[in-house]
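Peer 1: quick one: sequence plus predicted model below, questions after.
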Amino acid sequence: MVFSSSVFLFLFLPIVLITYFVAPKRLKNFVLLVASLFFYAWGEPKFVFIMIISIIVNYIFGIVVDLNRNNRLKIKLILGSMVFINLLILGIFKYMNFIIENINSILDTSLSNPNIPLPIGISFFTFQAMSYVIDVYRKDGSVQRNPFNLALYISLFPQLIAGPIVRYQTVAAQINSRVSDLPRILYGIKRFIIGLGKKMILANNCGFVADQVFSQSTNDMSLGIAWIGIIAYTLQIYFDFSAYSDMAIGLGKIFGFDFLENFNYPYISKSVTEFWRRWHISLGSWFRDYLYIPLGGNRKGQLITYRNLFIVWLATGIWHGASWTFIAWGLYYGALIMLEKAFLGNLLQKIPRIFQHVYTLVLVMIGWVFFRSETFSYAFSYIGVMFGLHGNEIWDIDAQFYFFQYGIILMIAIFGATPILSKIFEMIEVRSQHSMIMRIVGRDIGIPSFIFIVFLISISYTIANTFNPFIYFRF
């Protein structure tokens, strides 16, 4: 089920909200758990059993870890087994097809490919399950002896499919006791509508342009259409993914959960390192706290630091998908961050900020070419067209068409990828405290009217488009 679908907006969500707020306090978690399992099972019911197996396995590991935390030798074996089993489940369903294809290609064998389907969001709920056991071991959260409460944490539908990755320590207390008051509910509704608008108005329109351009042969592209295509995809993936995070955070607020932010205007970054502090924050912090720091972080010398960065970025690429282009994409960023750590970061600080932004955006867009392309040959050819290396014409009729037909929506998206609108809202809120006119015109009329218009436009798109999947569903 998709947040931006008519079924979710007009049937599932209203029923869940009414049932949840009518239910007595002792049954609220049960209502959310049933709703979450139904939400996940909507598309492919059989996949819900994979998630239930993950819940049972990690529930047992959590209790075993809590009972044996003082036995240093035993606890290492237990934690190692937990990581192995979770990664084994993830590996079978996400990477087995990829592994067999490559074995057949490299060794010229003919192993049968099982064509195992990919359960939606398996990377997200697997990482959440692992964080639960690790947080119990570190005493960052109490062991959950109620299996239904743990099942709720892992399966909670607002963030189940595409994040943010909610760590157990963040919501451990809220699973047992939380508040859903009017200010939280109103903020949650506003945040959800903003996310819905990002998805339906901006991401989908940018995605249409990107899909049209990337479906072309690079031999037929002009330099202009190549840049329009990658700019559109750069905007699409940001608004698509951040939209889901906004809707998840908004829904969480309505039900009394405080999920951490997942994006912080990444396209205003002045370095690749800063970009990754602002992009998919929950994944970056997960790898930092559960992989990079346990490996030694930057505490054991430069060589070990670079080794750890290599491992983290290799893992980041693999996490995103079973494809060599994803692995290359992860290592590409790892190499850039190592260079910035070694010397490039100091050089960047000595040049004007505008060039720092240009440097970052160009490198990020090159990275998105690899992320979007299915093969290396297409990615390298596309990049070659972008920089005029293949002698393609500079501008053609296709570039002219997309520029004039979609230029306005792309400009709105570029504007929306900056914190300007947020700053305007903040200014209105601050000034409304000292001015009755600003309070009435700005806060009481202006902002609600803007949110309402976004909602109406988004709903019209939702009704017109029956299927609106999110890019990160496949991860």
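Peer 2: That came through fine.
Peer 1: list phi and psi for residue 396.
Peer 2: Here is the backbone geometry of residue 396 (degrees, to the nearest 10): phi -140, psi -180.
Peer 1: from what I see, it and residue 222 are in contact.
Peer 2: Yes: between residue 396 and residue 222 a contact is recorded at 4.0 Å, counting by C-beta atoms under 8 Å. The way it works is simple: take the backbone N, C-alpha and C, and place the C-beta from them, glycine included.
Peer 1: the two - which one has more neighbours?
Peer 2: The neighbour count for residue 396 versus residue 222, taken as other C-beta atoms under 10 Å, is higher for residue 222 (19 against 15).
Peer 1: remind me which residues of the stretch 301-450 of the chain are low pLDDT?
Peer 2: Low-confidence segments of the stretch 301-450 of the chain, defined by pLDDT under 70, span residues 429-446.
Peer 1: let's go with 50 and repeat that
Peer 2: Filtered on pLDDT under 50, the stretch 301-450 of the chain yields no residues whatsoever.
Peer 1: and the stretch 1-150 of the chain, by the same measure?
Peer 2: Judged by pLDDT under 50, the stretch 1-150 of the chain has no weakly predicted residues.
Peer 1: list the contacts for residue 180?
Peer 2: 21, 254, 255, 256 (C-beta atoms under 8 Å, 6 or more residues apart in numbering).
Peer 1: any idea how far residue 13 is from it?
Peer 2: 15 Å (C-beta to C-beta, to the nearest Å).
Peer 1: likewise for residue 65?
Peer 2: Distance of residue 65 to residue 13, computed by C-beta to C-beta: 36 Å.
Peer 1: kindly check the end-to-end length of stretch 258-271 for me.
Peer 2: 29 Å (C-alpha to C-alpha, to the nearest Å).
Peer 1: buried sites along it?
Peer 2: By 16 or more other C-beta atoms under 10 Å, the buried positions in stretch 258-271 come out as 259, 260, 262, 263, 265, 266, 267, 268, 269, 270, 271.
Peer 1: what of stretch 325-338?
Peer 2: Within stretch 325-338, the residues scored as buried using 16+ other C-beta under 10 Å are 325-334, 336-338.
Peer 1: residues contacting it, please?
Peer 2: By C-beta under 8 Å, 6+ apart, the list of residues contacting stretch 325-338 from outside reads 272-273, 276, 306, 309-310, 312-320, 344, 363, 366-367, 370-371, 373-376, 379.
Peer 1: kindly report the same for stretch 89-103.
Peer 2: 50, 53-54, 57, 109, 111-119, 122-123, 126, 318, 321-323.
Peer 1: what's the answer for stretch 449-469, then?
Peer 2: 2, 4-6, 9, 190, 193-194, 196-197, 199-201, 204.
Peer 1: next SSE after the host helix or strand of residue 251?
Peer 2: Residue 251 is located in helix 223-254, with elements delineated by DSSP states H and E. For helix 223-254, the following helix or strand on the C-terminal side (DSSP H and E) is helix 272-278.
Peer 1: same for that next one, what does it pack against?
Peer 2: Here helix 272-278 touches helix 324-339, helix 353-372, going by 3 or more C-beta pairs under 8 Å, 6 or more residues apart in numbering; DSSP states H and E.
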